[in-house]
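J.: Just to be clear, the model below is a prediction. Sequence and coordinates:
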Amino acid sequence: MPPSTVLVTGASRFVGGQLVARLAADSTIDRILAVDAVPPRQELLRRMGRAEFVRADLRNPLIAKVISTARVDTVVHASITANPRGSGGPGRNGRSAMKEMNVIGTMQLLAACQKSSTVTRLVVKSTGAVYGASALDQAVFTERDEPNGIPPSGYAKDAVEIEGYIRGFARRRQDVDVTVLRFTNIIGPRIDTVLGRYFSLPVVPTVLGYDPRVQLLHEEDALAVLERATRAQLPGVFNVGGDGVLLLSQAIRRVGRIPVPIPELAVATVGWLLRSAQLVDYSPEQIRFLNFGRVLDTTRLRTEFGFVPRWTTAQAFDDYLRGRALRPTIDPEWITTAERCLLGLASRLR
């Protein structure tokens, strides 16, 4: 049965706002409520069309009144974020605000859904970061796998806590279909992400001795998955990511940037400098990801959820490059020529 009244959180950010715009174009949905603590930009607000923007902070219990008054039947929780910059500013204050919005906001939203007699579907935008990143990890994570250790801090820890609360809610309200979508890193020409800003640096810091595998998801595929989960009854946990992987070194080469390997002991200092300059959030969890990478198995997404991503990892990354019109610091053709020369010289020496 299609939804009647849909509430989407995080509507002032890219994913939530664009999802609202898509749902507003569907005449079979009677009403769409776009919720966020700050109003969306005028351009995004226009794209939302007939959707109703409700300015509400999820940390406030008043969200329960919004759900009950509108008789919401489908809640899409898309406001969980890994971006301190979008949660109150950089540095410690931004991180504290991010944790409050992620964890406390989710708790209040679940409490509101718990009280509601009309909510029958909950869709949550989660993350593959719940699996963690370590040297002990398997090559590919399935939905049944547990992390080798709970992430000690940051967005990954928030996501683990949030999924714990969601499992508790699902046990208490077995009449509600709960869909949890664990996204890999989203990238694209329009979305602003930590990883996207990382690759846009003219000089890209890497961890000396590591070259992790990176799996990406195009922004349009992310929106399509959320839209399908909102319209259909597809309860369960699903990994969401594009086909294939890129090595970090390959991605840096594609963008034509200069990689700068940093000794592991100095990485924390470099991360602090980048955060202080508000260039990119090079956080401890990002460092672990850039050490070991993370790849998700998406078999259930295809066979049970019924979705095949349009873009592979490489295609998503290339579309991000085209859309951002990033000019290479070093011409990739020059790098290719230099490598051929070096390989030829090494062959003659042998």
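T.: Looks like it came in fine.

J.: quick one, helices of the stretch 251-350 of the chain?
T.: Assigned by DSSP state H, counting those that start in this stretch, the helices in the stretch 251-350 of the chain fall at 264-276, 284-292, 299-303, 313-324, 332-349.

J.: Lowest average pLDDT across those helices?
T.: Of all the helices of the stretch 251-350 of the chain, mean pLDDT reaches its minimum on helix 332-349 (a mean of 57).

J.: In the stretch 101-250 of the chain, mark out all the strands, start to finish.
T.: Counting by DSSP state E, counting those that start in this stretch, the segments of the stretch 101-250 of the chain that form strands are 121-127, 177-183, 185-187, 203-207, 213-214, 216-218, 236-240, 246-247.

J.: pLDDT of the third one, averaged?
T.: The average of the pLDDT scores along strand 185-187 is 96.

J.: if we can go back for a sec, what's the closest of the strands of the stretch 101-250 of the chain to residue 294?
T.: Nearest of the strands of the stretch 101-250 of the chain to residue 294, taken as Cβ to Cβ: strand 213-214 at 7.8 Å. From N, CA and C alone the C-beta is placed, and that goes for glycine too.

J.: where does this protein have low pLDDT?
T.: Where the chain drops to pLDDT under 70, the residues are 84-94, 151, 275-283, 327-350.

J.: 50 instead, please
T.: Scanning the chain with the threshold set as pLDDT under 50 gives 87-92.

J.: quick revisit: would you format the strands of the stretch 101-250 of the chain as JSON lines with mean neighbour count and distance to residue 54 included?
T.: Compiled in JSON lines, the strands of the stretch 101-250 of the chain are given as follows (neighbours: other Cβ atoms under 10 Å; distance: least, Cβ to Cβ, whole Å):
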{"stretch": "strand 121-127", "mean neighbour count": "25", "distance to residue 54": "18"}
{"stretch": "strand 177-183", "mean neighbour count": "22", "distance to residue 54": "22"}
{"stretch": "strand 185-187", "mean neighbour count": "26", "distance to residue 54": "25"}
{"stretch": "strand 203-207", "mean neighbour count": "18", "distance to residue 54": "40"}
{"stretch": "strand 213-214", "mean neighbour count": "20", "distance to residue 54": "37"}
{"stretch": "strand 216-218", "mean neighbour count": "25", "distance to residue 54": "28"}
{"stretch": "strand 236-240", "mean neighbour count": "22", "distance to residue 54": "27"}
{"stretch": "strand 246-247", "mean neighbour count": "17", "distance to residue 54": "40"}
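
J.: just the helices in the stretch 101-250 of the chain please.
T.: 105-115, 154-172, 194-200, 219-231, 248-255.

J.: of all those, which lies closest to residue 13?
T.: Closest approach to residue 13 among these is made by helix 219-231 (11.8 Å; Cβ to Cβ).

J.: Need the contact partners of that closest one.
T.: 2-3, 6, 14-15, 18-19, 22-23, 26, 74, 76, 78, 121, 123, 125, 179, 181, 183, 186-191, 234, 240, 242, 301, 305-307, 309-311, 316 (Cβ atoms under 8 Å, 6 or more residues apart in numbering).
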